[in-house]
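J.: What shape does this take:
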Amino acid sequence: MKLYTTGMAPNPERVHMFVREKGIKNIETVEMALMKGEHKTKEYQAISPFRQLPALVLDDGRVITESKAICVYLESLYPEPNLFGETGEEAAFIEMWDRRIEFMMLMPLAMWIRHGHPAFVAIEKQIPDMAVRGEKGFRRFAQYIDAELANRDYIVGERFTVADITAFASMGFARVAKWKPDAETLPHLHAWRARMMARPCGQKS
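T.: Sure, this is the predicted structure:
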């Protein structure tokens, strides 16, 4: 398998975190220079029609895009440790929280950074109002998650799942905006982040 990826975006990082948690060693990686537009070339479009990163090329030549879909496929090959749910009920709650984080945390954050950070002028026609709205939405959901984590150690119940990966990758991207949860205003999120940093997902090679 070959993974086309970039160090500049949260969705590729979700896959890398998933791979680290699974201990997968046999995936070749191809680093793409996002800011140089390498993902927009005709050569890459032949691999990923919508020019998305990441993209996983299987041994038979087929391609999976969308970070969640890639993780679902990898879970089928490497079922332990389980990250998507051991029962239908658990899987439903994991999916619920993963979607919430995608739509209420990661998407507003992406709008904040892509439309507000000067470095992203190279790839985005920036709309300042989108940055303002994105920042407000992201900060509001961060407070919500902090309150939820007052009662448990992980995003879903008492064990680590793919929902924690989505949230942790989002927070990694938030560093571009010089944001991270502090111990005074978001103490539970701050403690959760420290737990994530100590896990395989937080150990970059």
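J.: quick one, strands of the chain?
T.: Along the chain, the segments classed as strands by DSSP state E run 2-5, 28-31, 55-57, 63-65.
J.: Out of the ones you listed, flag the one nearest residue 177.
T.: Among the strands of the chain, strand 2-5 comes nearest to residue 177, with 21.7 Å by Cβ to Cβ. From N, CA and C alone the C-beta is placed, and that goes for glycine too.
J.: Using PDB, write out every CA atom in the closest one.
T.: In PDB, the C-alpha atoms belonging to strand 2-5 read as follows (Å, rounded to 0.1, in the frame of the first residue of the first chain):
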ATOM      1  CA  LYS A   2       1.100   3.600  -0.700                       C
ATOM      2  CA  LEU A   3      -0.300   6.600   1.200                       C
ATOM      3  CA  TYR A   4      -0.200  10.000  -0.400                       C
ATOM      4  CA  THR A   5      -0.100  12.500   2.400                       C
END
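J.: Which residues in that strand does the neighbour count mark as buried?
T.: Residues 3, 4, 5 are the ones in strand 2-5 that count as buried (16 or more other Cβ atoms under 10 Å).
J.: I'd guessed residue 147 sits against residue 187; true?
T.: No: with contact defined as Cβ atoms under 8 Å, residue 147 does not reach residue 187; the gap is 10.6 Å.
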